[in-house]
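Chemist: the sequence and its predicted three-dimensional model are supplied below.
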Amino acid sequence: MQFGAHENMVGPVTGCQICHSKDLEPILSLGHQPVVQQHLTPEKLREPEMAFPLNWCRCPSCGLVQIDYIIDPKVVFHSEYPYQTGMTKMLIDNFRELTFLIAARYKLTEKDLAVDIGSNDGTLLQGFKAKGIRVLGVEPTKIAFIAERNGVPTVNDFFSEKVAEEIVEKHGKAKAITATNVFAHVNNLTSFLRGIHKLLSDDGVFVTESQYLMDIMQKLEFDTIYHEHLRFYSVKALVELHRRHGFTVVDAERISSSGGSIRVFAMKGERDSSSRVQLLISEEEKAGLYSREVYEEFKNRLFDVKRKILHLLIGLKQEGNRIVGIGAPARASTILGFFNLDGSLLDYICERKGSLKIGLYTPGTHVPIVDEERLFNDQPEYAMLLSWHIADDLVKKMKENGFKGKFIVPLPEPKIID
């Protein structure tokens, strides 16, 4: 199906997902990769496994960077989707700060409604709930039932214009709508933003958080490229996207969440924007974010790191060392897949107790995922931090918990930490 103005996009992307320009420039190919959250049971290791094109391209017209093949969201956010927001302290802290900020800045009261789209286990909405504000989540996966058990009412569906109408009819309009680590995932942008427009009150705010293209480029965060992430936003592209759908970006700020994200505040109609919006766009232009050269440099740096990390790991293995991974976030699958890190290089990957991924295998590379308690019992010589963007916190935590080995940080430049 080709990209159209009013339909879901599934399959090859033939036009820009914002301005519909057909003049897309290829940037980087990561080959064919599996869906990052489709972890395998031992039985499924004997079955065929699907892989899809994973290529980065950019639109010279509006500046949007995007992938060029979109998988059906029902495949990506499948019934066994394992991700839980409440397992990550960094996100818990970030969301609590965000909800308190929105409640204060936009003067939310107990009469107001706050809606979180892609609400997962309800972690974000707990912040609004603590302030006595009415809350409602929208979550398409089975994680919605965890939210319900935690006292957060949740619509178990993909958000759309139709779902928005049903919410308004039952609950009224929302004073605040949040979409954190979701807005780049949406493949039906027209229906999605029409739904936001219908659901949001005239004085309400729509707040998104997405991994920021500037951080990705500066820190070589290529591991944020996977099939859940359809678009990689700059502020300039976000301003254009909102404008086309009847919103004004009234404010924006860089935050540290997820290795570097952009938090955007939008309201309905034509409004004034804060000086921070133009300042961020100016910084993007100065960094060359809209020129092809910076992406060529990014690609060259990435392939250089691939050679270095493989040389390092193969050398350590040949010396008889045991190497394991710490953390199995979605972004780890991109690292494993592109660097070709399978069970011959990583003995296993550790996850915190309670993770739904324990007992499964990584997609594509088939590395077993185990309870992190095994790390402290086995004491392997090396542990590679697959959540490398929070390396400092992880190293401290693992040492405090008794790990005595060395750490490998794969990006943005491979290094070993004692």
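Modeler: Looks like it came in fine. Because the structure is predicted, anything quoted here is derived from the model rather than measured.

Chemist: where along the stretch 301-418 of the chain do the strands fall?
Modeler: Secondary structure of the stretch 301-418 of the chain, counting by DSSP state E, counting those that start in this stretch: strands at 323-326, 349-351, 369-371, 382-385, 406-409, 415-417.

Chemist: helix/strand/coil for Glu166?
Modeler: Of the three states, Glu166 takes helix according to DSSP: H, G, I helix; E, B strand; the rest coil.

Chemist: which residues touch it?
Modeler: The neighbourhood of Glu166, defined by CB atoms under 8 Å, 6 or more residues apart in numbering, consists of Val155. In this view, the C-beta of every residue, glycine as well, is placed from N, C-alpha and C.

Chemist: just the pLDDT at it, thanks.
Modeler: Looking at Glu166, its pLDDT reads 98.

Chemist: same question for the one 10 residues further on.
Modeler: Note for Ala176: predicted pLDDT of 98.

Chemist: in what helix or strand does it lie?
Modeler: strand 174-180 (DSSP states H and E).

Chemist: coming back round to it: using a markdown table, lay out the strands of the stretch 301-418 of the chain together with mean neighbour count and distance to Leu113.
Modeler: As requested, the strands of the stretch 301-418 of the chain are exported to a markdown table (neighbours: other CB atoms under 10 Å; distance: least, CB to CB, whole Å):
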| stretch | mean neighbour count | distance to Leu113 |
| --- | --- | --- |
| strand 323-326 | 24 | 40 |
| strand 349-351 | 25 | 35 |
| strand 369-371 | 20 | 38 |
| strand 382-385 | 24 | 40 |
| strand 406-409 | 19 | 43 |
| strand 415-417 | 13 | 47 |
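
Chemist: Leu45 is nearest to which of the ones you listed?
Modeler: Among the strands of the stretch 301-418 of the chain, the nearest to Leu45 by CB to CB is strand 369-371 (12.7 Å).

Chemist: neighbouring contacts of that closest one?
Modeler: 39, 328, 348-351, 353, 355, 357-362.

Chemist: quick one: those residues as CSV, columns for pLDDT and distance to Lys406 too.
Modeler: Compiled in CSV, these are given as follows (pLDDT from 0 to 100; distance: CB to CB, whole Å):
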residue, pLDDT, distance to Lys406
His39, 93, 27
Ala328, 94, 20
Tyr348, 98, 17
Ile349, 98, 17
Cys350, 97, 15
Glu351, 95, 20
Lys353, 90, 24
Ser355, 89, 24
Lys357, 94, 24
Ile358, 96, 24
Gly359, 97, 27
Leu360, 97, 27
Tyr361, 97, 25
Thr362, 97, 22
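
Chemist: rewinding a little: check which helices and strands the strand holding Ala176 is in contact with.
Modeler: Using 3 or more CB pairs under 8 Å, 6 or more residues apart in numbering; DSSP states H and E as the contact criterion, the secondary-structure elements in contact with strand 174-180 are helix 89-105, strand 113-117, helix 123-130, helix 189-199, strand 200-211.

Chemist: okay, these in TSV with mean pLDDT next?
Modeler: Conversion of those to TSV gives the following (pLDDT from 0 to 100):
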stretch	mean pLDDT
helix 89-105	90
strand 113-117	98
helix 123-130	95
helix 189-199	95
strand 200-211	97
